[in-house]
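Student: need a structure here:
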Amino acid sequence: MRYTRTFTRVVAVLAVAALVLASVPRTVESQGDNRVTVAVAPTVDMALPILAVKKGFLARQGLEAELKIFDSSPKAVQALVAGQGDITENTEAPHLAARARGGKVVQVMTGYITGMTNGVVVNGALIKGHKDFVGKAVGVQQGSGANFHLAWFLERYKIPADKVTVRFMAAPDQIAALARNDINAFFSWEPFLTRAAQSIPNAKLWSRAVEDGLEFRGNVLMREDLAKKERTKAVKIVKALIETADWMNANLREAAKVANEVLKAPSEEEVYQQLQIFKWPGNFMKSVIEQELRIAEWGAGIGLFPTRDPRKLVEELIYPDIIKAAAPERTDM
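Tutor: Numbers count the residues shown, from 1 in each chain. Predicted structure coming up:
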């Protein structure tokens, strides 16, 4: 009888434990080996990971992929740091900031290259020349590639940084802020540039990054644990993303149609036009290092990235081992 009562208690305890465990939300680390959570924002620069899921390229590698949508790409980076996503894709600055603050994330490939998606929108009634930026309020999302563009822009055109009022705000909020005259210009990316220029009286697309001598790379960011401890899965992910990039280059119209199921742009034509301002190389080249180092030195210099060694930060962030295994012909590192 004592044995029976003891056994009954053990069963009861195990049952309660099972219920408790079942009620705990799973992070991506506890998911099965074939599951991939893709963190994205509904912006065209995220088309590559969106299509990798929607067109089944990840599924063809035997992976069960799901999209997790955030309102901005920096928030998608935060999701990876918090263990709520496996991969995302962004320009360099948010990745460097995350790694510098202790985020266990690494870059594994380049998804896109463009100097056209980032740019500047101004109140054309107030700003007619570079000198007119003096004394104006400028909006930008802190720590973003657009933040680096702003710093680059001020230095390039010799506009005193202390003569410009910088107001940090999320990219989606900048259009309304410009319309209210809370700011007189903003540095951001598509689709916010075009939408502001088309919807706000006096709003003008002042320049795109390439016109200011700047080009960005959108690199694929991955949880470090996934890249280094689940190598087989990581290689499958990179293979799928490379296949997606190649498919996009050959099928841009269909890519626009499928991507817009997530982007929810006013028209597929708008997405198609925006996709054309990107190169989708699906590679990882040494030129990434120079660009990252330049941005890391800027961020460290203004205290945006808490690091004393920008070069070491870049070396820790860039991780070419996965693409070397997945497609060695796509890298020269």
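Student: residue 250 and residue 210, how far apart?
Tutor: Here the criterion is Cβ to Cβ, to the nearest Å. By it, residue 250 lies 24 Å from residue 210. Glycine gets a C-beta too; all of them are placed from N, C-alpha and C.
Student: and those two? which has more neighbours close in?
Tutor: Using other Cβ atoms under 10 Å, the more surrounded residue of residue 250 and residue 210 is residue 210, with 16 against 8.
Student: give me the neighbour count for the closest residue to the more buried one other than its chain neighbours.
Tutor: Distances taken as Cβ to Cβ, 6 or more residues apart in numbering place residue 115 nearest to residue 210, at 2.7 Å, with adjacent residues excluded. Close neighbours of residue 115, defined as other Cβ under 10 Å, add up to 19.
Student: for residue 115, give me the pLDDT.
Tutor: Per-residue confidence (pLDDT) for residue 115: 95.
Student: distance check, it against residue 156.
Tutor: With Cβ to Cβ as the criterion, residue 115 and residue 156 are 14 Å apart.
Student: and the strands in the stretch 151-300 of the chain?
Tutor: In the stretch 151-300 of the chain, the strands defined using DSSP state E, counting those that start in this stretch lie at 165-168, 185-189, 203-208, 216-223.
Student: hey, what's residue 109 bridged with?
Tutor: residue 220 (DSSP bridges).
Student: just to check, it is in contact with residue 221?
Tutor: No - Residue 109 is beyond contact range of residue 221, at 9.9 Å (criterion: Cβ atoms under 8 Å).
Student: circling back: any common contacting residues for residue 115 and residue 156?
Tutor: Counting by Cβ atoms under 8 Å, 6 or more residues apart in numbering, residue 115 and residue 156 have no common neighbour.
Student: now for residue 134: which residues touch it?
Tutor: 159, 160, 163, 164.
Student: please, a PyMOL command that selects the buried ones among the residues you listed?
Tutor: Only the buried entries of the contacts of residue 134 go into this PyMOL selection, using 16 or more other Cβ atoms under 10 Å:
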select buried, resi 159+164
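Student: just put the contacts of residue 134 in a markdown table and tack on distance to residue 294.
Tutor: Shown next, in a markdown table, are the contacts of residue 134 (distance: Cβ to Cβ, whole Å):
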| residue | distance to residue 294 |
| --- | --- |
| 159 | 19 |
| 160 | 22 |
| 163 | 24 |
| 164 | 21 |
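Student: nearest to residue 100, of the contacts of residue 134?
Tutor: Proximity of those to residue 100 (Cβ to Cβ) peaks at residue 164, which lies at 24.9 Å.
Student: let me see the contact set for that closest one.
Tutor: Contacts of residue 164 (Cβ under 8 Å, 6+ apart): 133, 134, 135, 136, 137, 138, 154.
Student: how about residue 111?
Tutor: Shown in contact with residue 111 (Cβ under 8 Å, 6+ apart): 48, 49, 89, 218, 219, 220, 241, 245, 280, 282.
Student: so is the third one in a helix, a strand, or just coil?
Tutor: Secondary structure state of residue 89, per DSSP: H, G, I helix; E, B strand; the rest coil, is strand.
Student: tally of neighbours for it?
Tutor: Residue 89 has 29 neighbours, counted by other Cβ under 10 Å.
Student: how many other residues sit next to residue 91?
Tutor: For residue 91, using other Cβ under 10 Å, the count is 28.
Student: and for residue 291?
Tutor: 18.
Student: ok, it touching residue 217?
Tutor: Yes - contact criterion Cβ under 8 Å: residue 291 and residue 217 qualify, at 6.2 Å.
Student: quick check: neighbours shared by these two?
Tutor: Common neighbours of residue 291 and residue 217 (Cβ under 8 Å, 6+ apart) are residue 92.
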